[in-house]
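1. My questions concern the predicted model and sequence given below.
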Amino acid sequence: MLDIKFVRENPEIVKENIKKKFQDKKLALVDEVIELDAKNRQVIARADELRANRNKLSKEIGALMAQGKKEEGMALREKVGAQAKELEELAAQEKELGARVTEILMSIPNIIDDSVPIGKDDSENVEVQRYGEPVVPDYEIPYHTDIMETFDGIDLEAAGKVAGNGFYYLMGDIARLHSAVISYARDFMIDRGFTYVVPPFMIRSNVVTGVMSFEEMDAMMYKIEGEDLYLIGTSEHSMIGKFIDTITPEEKLPLTLTSYSPCFRKEKGAHGIEERGVYRIHQFEKQEMVVVCKPEESRIWFDKLWQNTVDLFRSLDIPVRTLECCSGDLADLKVKSVDVEAWSPRQKKYFEVGSCSNLTDAQARRLKIRVKGENGNYLAHTLNNTVVAPPRMLIAFLENNLQADGSVLIPEALRMYMGGKDKIVPKK
C-alpha cells in the first residue's frame, strides 16, 4: 500500500505505474483518493479546532461559575453542547472518509522497480539465467502421476471420493520422498542461518488484507465458515502477520526465517493437461523463506533469496532457470519478482517451482511493521521466497531422476532422509 502523502505529491508517477501494469481502470482512483483525502483532512482540521475551542470554553465556564455568573456560564455550556454534536458528526465523517481512502490505497498497485520489464502477462516474463544442463533422455518420460503409480505412490481416485478434485493420497516411497524433500529443504535453510518456524495455519482477516491484494484474496483464500479465520495459502501469510503492529530495534535486523506449513488454495479456473495430476492442487506442503529487513538491504536480500532456491535444486541435480516477472505479472503489492523454473524432460521445457518477491514497505505499511532507528521509527521491508513446494517439486525430481528401467535415483543429499537408499524401485 502506498503512502497517501506520496500519492498526493506524485499523482502522475502513480498513474504511470498503473499504466505499466495495464490496469487503466484504476487510473480514476488516483484523483478520487486525493479528493477524498483532502476532504478528510478538512474534517480532521475542523474537529481539532472544535476540540481546542471546547477546552477553552470549558475553562471559561468554570471561571464564570466561580464568579457566580451562572446565566453566562449556562449559555456557553449550550454552545459547547452544540459543538459536541458537530464533533460527533465530524467523527463519523472522518471514519467513513478514512475507510474509503484506505480501501482505495489498498487497490492501487505498489510502484514497481525500474528494472522490471514491461509486459501484459506471464508470457512476457524474461529469462535471466540457466543453471545446469537440461537433458532429454533417449527413453520416454511418462506423465508424473503415471510414474508415481508404478510405485503404488498415488491415489487420486480415492482422494476424489474423500475430498473432491484437487486432492491426493501419496503413499509408500513417493510419500517418503515428499517428506524427505521437505526435511532436506528445512535443514538446507537452517544451515544458511535461517531460523526454523512452524506457524499458525489459519489467520484472521486483518492479516489476510495486510499481506495480499483483494484480487489475490478472492482467488486464493478459503474462509472458515462462522469464524474470522482463513486457511493460509502459504506460510508467508502468517509469518509476516507475526510482526503485526510491532517495533523491532534496528540492531536486531535482518530477521531471517524459514517456515514449514501446509497450504490451501482455491486455484480458480480451468487448467490444461500439464496442470493436472499434482501440479495445481488445493492442498500441498511448502518450505518458505521470509525476511524482514532495513529498506537499504532489501535488494541484497532479494538476490540472496532466489539464489537459495537455485542452489537447493542444483544440489539435487535438477536444472533450473530464473525468470524476471514482467509488470503485468506482478501482484499489486510486489515491487519486483523472480520465478525459479525447473526443467521438465518430458515437456522439454521449464515450469515454475518457486517465486521470490520483494514487497518493500507495502505489507509493513498495512500491518504497521516498524523499525526503531536512531532517528525514530520507520517501516521495515519484507521479502519472501519458496524454498521448495512438493508435490510440484516431485514432478521435476521424478522426471530428472527417472532411469530407463523405471527406477528413480536418489541424489546423495537426500539419502539420509530416505533411510540410506540410493534409488527407489517401481512395484509395477
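-> That came through fine.
2. per-residue confidence for residue 90?
-> Here, the pLDDT recorded for residue 90 equals 88.
3. How about the one 4 residues further on?
-> Reported pLDDT at residue 94 in the predicted model: 93.
4. what stretches of the stretch 51-200 of the chain score poorly on pLDDT?
-> For the stretch 51-200 of the chain, residues meeting the criterion pLDDT under 70 lie at 54-82.
5. Run through the strands of it in chain order.
-> 126-131, 154-155, 169-170, 195-197 (DSSP state E, counting those that start in this stretch).
6. Of these, flag the one that's most buried.
-> Highest mean neighbour count of those: strand 154-155, a mean of 21 (counted as mean count of other Cβ atoms under 10 Å). Backbone N, C-alpha and C define where each C-beta goes, glycine included.
7. other SSEs contacting it?
-> Packed against strand 154-155 by the contact rule (3 or more Cβ pairs under 8 Å, 6 or more residues apart in numbering; DSSP states H and E) you find strand 169-170.
8. contacts for the strand it packs on?
-> 148, 153-156, 158-159, 178, 391 (Cβ atoms under 8 Å, 6 or more residues apart in numbering).
9. Throw those into CSV and include distance to residue 374, thanks.
-> Below are the contacts of strand 169-170 laid out as CSV (distance: Cβ to Cβ, whole Å):
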residue, distance to residue 374
148, 56
153, 56
154, 56
155, 59
156, 57
158, 60
159, 55
178, 47
391, 48
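10. Can you tell me which of those residues end up in helices?
-> 148, 156, 158-159, 178 (DSSP state H).
11. which one of these sits closest to residue 86?
-> residue 159 (62.3 Å; Cβ to Cβ).
12. Against residue 188, how distant is the residue nearest to that closest one when sequence neighbours are not counted?
-> Nearest residue to residue 159, sequence neighbours excluded (Cβ to Cβ, 6 or more residues apart in numbering): residue 167, at 4.3 Å. Going from residue 167 to residue 188 by Cβ to Cβ, to the nearest Å gives 28 Å.
13. Repeat that for residue 305.
-> Distance from residue 305 to residue 188, by Cβ to Cβ: 13 Å.
14. picking that back up, what subset of the contacts of strand 169-170 is buried?
-> Buried residues within those, counting neighbours by 16 or more other Cβ atoms under 10 Å: 148, 153-156, 159, 178, 391.
15. picking up where we left off before, just want to know which of residue 167 and residue 188 has more residues nearby.
-> The residue with more neighbours, out of residue 167 and residue 188, is residue 188; 21 against 17, by other Cβ atoms under 10 Å.
16. which ones are touching that one?
-> Per Cβ under 8 Å, 6+ apart, neighbours of residue 188: 308, 312, 315, 387.
17. Hmm, the second one is touching residue 185, no?
-> Yes. Distance between residue 312 and residue 185: 6.3 Å, which falls inside the contact criterion (Cβ atoms under 8 Å).
18. Now do the shared contacts for those two.
-> With Cβ under 8 Å, 6+ apart as the test, residue 312 and residue 185 both reach 387-388.
19. could you dump stretch 232-247 to PDB, C-alpha only?
-> The C-alpha coordinates for stretch 232-247 follow below in PDB (Å, rounded to 0.1, in the frame of the first residue of the first chain):
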ATOM      1  CA  ILE A 232      -3.300 -19.900   4.700                       C
ATOM      2  CA  GLY A 233      -2.300 -20.200   1.100                       C
ATOM      3  CA  THR A 234       1.400 -20.100   2.100                       C
ATOM      4  CA  SER A 235       3.200 -19.700   5.400                       C
ATOM      5  CA  GLU A 236       4.400 -16.300   4.300                       C
ATOM      6  CA  HIS A 237       0.900 -15.000   5.300                       C
ATOM      7  CA  SER A 238       1.200 -16.000   9.000                       C
ATOM      8  CA  MET A 239       4.900 -15.400   9.100                       C
ATOM      9  CA  ILE A 240       4.500 -11.700   8.000                       C
ATOM     10  CA  GLY A 241       1.500 -11.500  10.300                       C
ATOM     11  CA  LYS A 242       3.700 -12.500  13.200                       C
ATOM     12  CA  PHE A 243       5.100  -8.900  13.200                       C
ATOM     13  CA  ILE A 244       1.800  -7.000  13.000                       C
ATOM     14  CA  ASP A 245       1.900  -3.800  15.000                       C
ATOM     15  CA  THR A 246       5.400  -4.300  16.300                       C
ATOM     16  CA  ILE A 247       8.500  -2.100  16.600                       C
END
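20. how about the helices of the stretch 251-400 of the chain, start to end?
-> Here the stretch 251-400 of the chain has its helices, by DSSP state H, counting those that start in this stretch, at 298-315, 362-367, 392-401.
21. Show me how far the first one is from its chain's centre.
-> Between the mean C-alpha location of helix 298-315 and the chain-wide mean there is a distance of 17 Å, by Cα atoms, centre = their mean, to the nearest Å.
22. got the contact list for that helix?
-> So helix 298-315 is contacted by 131-132, 185, 188-189, 192, 254, 289, 291, 293, 320, 322, 336, 338, 340, 342, 353-354, 356, 358, 360, 381, 383-388, 396, 411, 413 (Cβ under 8 Å, 6+ apart).
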